[in-house]
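*Asks:* would you be able to build a 3D model of this:
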Amino acid sequence: MAYKSLLTICADVARAPQTFATAASLATDQDAHLEVLAMGVDRTQIGYSYVGAGAIVMQAAIENATNDVKAIEDAVRTAAAAASPTLRWSSEGAVAMVGGVADLVALRARFSDLVILGKPYGDGRGDEEEAIIESAMFEGQAPVLVVPDAPLDASKIGKRIVVAWNQSREGLIAIRRALPFLKKADNVWITIVDPPKHGAERSDPGGALCQMLVRHGVKAEVSVLARTMPRVSDVLARHVNDMDADMLVMGAYGHSRFREAILGGATRNMLETAEVPVFMAH
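*Replies:* Residues are numbered from 1 along each chain as shown. You can find the predicted model right below:
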């Protein structure tokens, strides 16, 4: 399997060129087609207003969102001019209200092999950034690669990979979806933090997974770590740094609320602290 249909969604004009540049480099490296969704978000949440005022506010919000789409499309076209001449890409613009972001993203992500998105947390990020990631994974059922703000060349992504393994369904799905990266990597560390003493893999933590990956030609080995820090995400982040890894593969965990699912605390912590691309699937 290879990634042949890539998708990136840009909702922030300031970061659109950087995210596009990373996605474009990956698309060229994978000989894939890159689709770009330039999205403007109408954030109006009118509960009540004076007669006529609501329509004025809504119209202004739609105009602002439309202007955002145009600015993002202009930024993407400028970035595309600097990309490889062999890049195959297309783009479309769309305006969505806050409550409609999920449906729009899920529809586009559903037919993509991999969705490439910027980090959802940090200064200047809107709530829609997290909603985009959630929708792509939970409702669109697509794997997501969350990349740092600075543009990255494909040659610097996925050569040394840490795989977070905790015997979960989500973790295994992420690993299977990440196989194109894992098979090309120079080193892959299956990382287990504080394995249970009475678990199914107590005699050989990560052994069966390592065997499966090696049969695919993956240069994999197992790292068993003690939980020496309060959060597992902190232990993983430190291990990524110690191994000089350039990608982390992990399952994305969520729990139901008003949406179908939202990112769980461990996933959120990892995205907040990670300094390398994070490959996730649910």
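*Asks:* CA only for contacts and neighbour counts going forward, please
*Replies:* Noted.
*Asks:* is H33 in a bridge, and if so with what?
*Replies:* Beta bridges link H33 to S5, R88, judged by DSSP bridges.
*Asks:* distance of it from L26?
*Replies:* 10 Å (C-alpha to C-alpha, to the nearest Å).
*Asks:* and these two? which has more neighbours close in?
*Replies:* Neighbours around H33 and L26, counted as other C-alpha atoms under 10 Å, are more numerous at L26. The numbers are 23 against 20.
*Asks:* for the more buried one, list the residues it contacts.
*Replies:* For L26, the contact set (C-alpha atoms under 8 Å, 6 or more residues apart in numbering) comprises D153, A154.
*Asks:* specify the local secondary structure of V163.
*Replies:* When classified by DSSP: H, G, I helix; E, B strand; the rest coil, V163 comes out as strand.
*Asks:* repeat for A38
*Replies:* Secondary structure state of A38, per three-state DSSP, is strand.
*Asks:* leaving out the residues flanking it, which one is nearest to it?
*Replies:* Using C-alpha to C-alpha, 6 or more residues apart in numbering and skipping residues adjacent in sequence, the residue nearest A38 is G93, 4.6 Å away.
*Asks:* phi, psi of the one you found?
*Replies:* phi -110, psi 150 (degrees, to the nearest 10).
*Asks:* now it: how far from L104?
*Replies:* 11 Å.
*Asks:* of those two, who's got more company?
*Replies:* A side-by-side neighbour count of G93 and L104, using other C-alpha under 10 Å, places L104 first with 20 against 17.
*Asks:* and that one, what does it touch?
*Replies:* The neighbours of L104, taking C-alpha under 8 Å, 6+ apart as the test, are A96.
*Asks:* doesn't it belong to a strand?
*Replies:* No. Counting by three-state DSSP, L104 falls outside a strand, being helix.
*Asks:* pLDDT at it, what is it?
*Replies:* Each residue has a pLDDT score; the one for L104 is 95.
*Asks:* can you offset everything so residue one is 767?
*Replies:* New numbering, starting at 767: the last item is L870.
*Asks:* right, and E895 touches P886 too?
*Replies:* Yes. Counting by C-alpha atoms under 8 Å, P886 is a contact partner of E895 at 4.8 Å.
*Asks:* give me the helices and strands touching the helix or strand harbouring E900, please.
*Replies:* Element membership for E900, per DSSP states H and E: helix 893-900. For helix 893-900, the packing partners by 3 or more C-alpha pairs under 8 Å, 6 or more residues apart in numbering; DSSP states H and E come out as helix 867-875.
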